[in-house]
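Chemist: Give me coordinates for this.
(one chain, ligands or ions: 2)
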Amino acid sequence: MLSIYIELKVILAYYRMDLIKFNNFFYRYKGNQDYALNDINITIPDNKFILLAGETGSGKTSLIRCLNGLIPQFYPGYYKGSVEIGGVDTTSISIANLSTTTGIVFQNPENQLIAMNVEHEIAFGLENLGIDREVITERINQSVMLTEIEHLLHKTPYELSGGEQQRVALASILALEPKILVLDEPTGLLDPSVAKKILLLLQKIQEEKGMTILISEHRMDLVLPLVDEIILMKNGKVIAHDTKEHIINSKRFIDLNISHPIMFSLFSDLRKEGIEIKKLPTSIPEALELLKDFIRV
Ligand SMILES: Nc1ncnc2c1ncn2[C@@H]1O[C@H](COP(=O)(O)OP(=O)(O)OP(=O)(O)O)[C@@H](O)[C@H]1O
Ligand SMILES: [Mg+2]
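Modeler: Ligands and ions are numbered 1, 2, ... in the order given. From the prediction side, this is the model:
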């Protein structure tokens, strides 16, 4: 009874609150001296594609673990401050309940896939929620269409390639109709062409579903053209959160020890040589546009 009440509260709260809000949130893992998350204050709005970027160990995965309550409910440790989803403190809702509002896909989908075949895999989360059979069938059909995995429905998860497994993990999460889709290095184990397909699929999902997507991703060249906003992390702190245009033209982004897109690095080096570059490009079309200023016909 209580869980039904809280779920309703979360849904209602969406209509008047920011989606996610961290309020002076600090967290350190049990046995660690340092804060993995150090005074986080961010607000994540609805219907945006947001990149979480930062050097290794900067706290991206830890921040993501807060979004479905794994921190602090599953990972014991010390915390202070709060994380709210739709205006509700995440410590007042179970991880199972939160996972229907915040769907998380991790780097290695193999660990997330447990059922005998793909169709059962997608149905599993819905059945656990006690959803009607007809609704389950409809949700499966929708998410299968969106992720383009019709041909995989009767395969076992172990017969699938890494990219196919990632699509199935995505379909299972989308079937729960979360408000927020969170992906932690979803293409880390995939080759570049498959990674590109997965990232373009996310763009399609965002456009069709109008949901918020938060992604931690090292492949800057592939992900930057897709995102609206960037959250930059360093040593457990959020050091900047702004529109993509503002962040990529900031010194903080340039100085960060991450793999910048090739076009970006090229023009950034030209700027260092004293050449006037209006703004730094993140894709080949943007770079071509900038080059027009230098080419005289
Ligand atoms: N389960 C855990 N137990 C103890 N310490 C942890 C745990 N997970 C992460 N940490 C520590 O918390 C800090 C932040 O780690 P986190 O995994 O959040 O970084 P990250 O930005 O995701 O790094 P990467 O880019 O390598 O994935 C690191 O110092 C890490 O060692
Ligand atoms: Mg990580």
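Chemist: Which positions in the helix or strand in which A287 is found come out as buried?
Modeler: A287 is located in helix 284-291, with elements delineated by DSSP states H and E. Within helix 284-291, the residues that qualify as buried are E286, A287, L290, counting by 16 or more other Cβ atoms under 10 Å. Where C-beta positions appear, they are placed from N, C-alpha and C, glycine not excepted.
Chemist: Identify the residues contacting the nearest residue to the first one once chain neighbours are set aside.
Modeler: Closest residue to E286 apart from its sequence neighbours, by Cβ to Cβ, 6 or more residues apart in numbering: M263 at 7.1 Å. Taking Cβ atoms under 8 Å, 6 or more residues apart in numbering as the criterion, M263 is in contact with D221, P281, T282, S283, I284, E286, A287.
Chemist: Pretty sure M263 sits in a helix.
Modeler: Yes - assessed with DSSP: H, G, I helix; E, B strand; the rest coil, M263 lies in a helix.
Chemist: Following element in sequence after the least confident helix or strand in the chain by mean pLDDT, please.
Modeler: Lowest mean confidence among the helices and strands of the chain (mean pLDDT, DSSP states H and E): helix 2-14, at a mean of 53. Counting by DSSP H and E, the next helix or strand C-terminal to helix 2-14 is strand 20-29.
Chemist: neighbouring strands for that following strand, and are they parallel or not?
Modeler: According to DSSP bridges, strand 20-29 forms sheet pairs with strand 37-40 (antiparallel), strand 43-44 (antiparallel), strand 77-85 (antiparallel).
Chemist: Find the closest residue to ligand 2 in the stretch 51-200 of the chain.
Modeler: Using Cβ to the ion, the closest approach of the stretch 51-200 of the chain to ligand 2 is made by T61 at 3.2 Å.
Chemist: where does that residue land on pLDDT?
Modeler: pLDDT for T61: 96.
Chemist: Secondary structure element holding it?
Modeler: With DSSP H and E as criterion, T61 is part of helix 60-66.
Chemist: what about the nearest residue to L113 once chain neighbours are set aside, neighbour count?
Modeler: Leaving aside its chain neighbours, L113 sits nearest to P157 (3.7 Å; criterion: Cβ to Cβ, 6+ apart). If you count neighbours by other Cβ atoms under 10 Å, P157 ends up with 21.
Chemist: what does I20 give?
Modeler: As a measure of burial, I20 has 25 neighbours, counting by other Cβ under 10 Å.
Chemist: Out of the strands paired with strand 20-29, flag the one nearest I295.
Modeler: Smallest distance to I295 across these (Cβ to Cβ): 40.7 Å, for strand 43-44.
Chemist: now what about the closest one, what contacts it?
Modeler: D18, L19, I20, K21, F22, I50, I180, T212, L214.
Chemist: where's the dip in pLDDT among those residues?
Modeler: D18 (71).
Chemist: hang on, it packs against K48?
Modeler: No - between D18 and K48 there is no contact under Cβ atoms under 8 Å: 10.8 Å.
Chemist: Can you list the low-confidence ranges for this protein?
Modeler: 1-17, 296-297 (pLDDT under 70).
Chemist: where along it do the strands fall?
Modeler: Taking DSSP state E as the test, the strands found in the chain are 20-29, 37-40, 43-44, 49-54, 77-85, 88-89, 102-105, 180-184, 212-216, 229-234, 237-243.
Chemist: count of residues packed around K30?
Modeler: 8.
Chemist: My guess is it contacts G77. True?
Modeler: Yes - with contact defined as Cβ under 8 Å, K30 counts as touching G77 (4.7 Å).
Chemist: could you flag which of the contacts of strand 43-44 are buried?
Modeler: D18, L19, I20, K21, F22, I50, I180, T212, L214.
Chemist: From these, pick the one nearest ligand 1.
Modeler: When the buried ones among the contacts of strand 43-44 are ranked by distance to ligand 1 (Cβ to the nearest ligand atom), L214 comes first, at 12.9 Å.
Chemist: show me the contacts for the closest one.
Modeler: Contact analysis of L214 by Cβ under 8 Å, 6+ apart lists I44, I50, L52, I64, L67, I180, L181, V182, L183.
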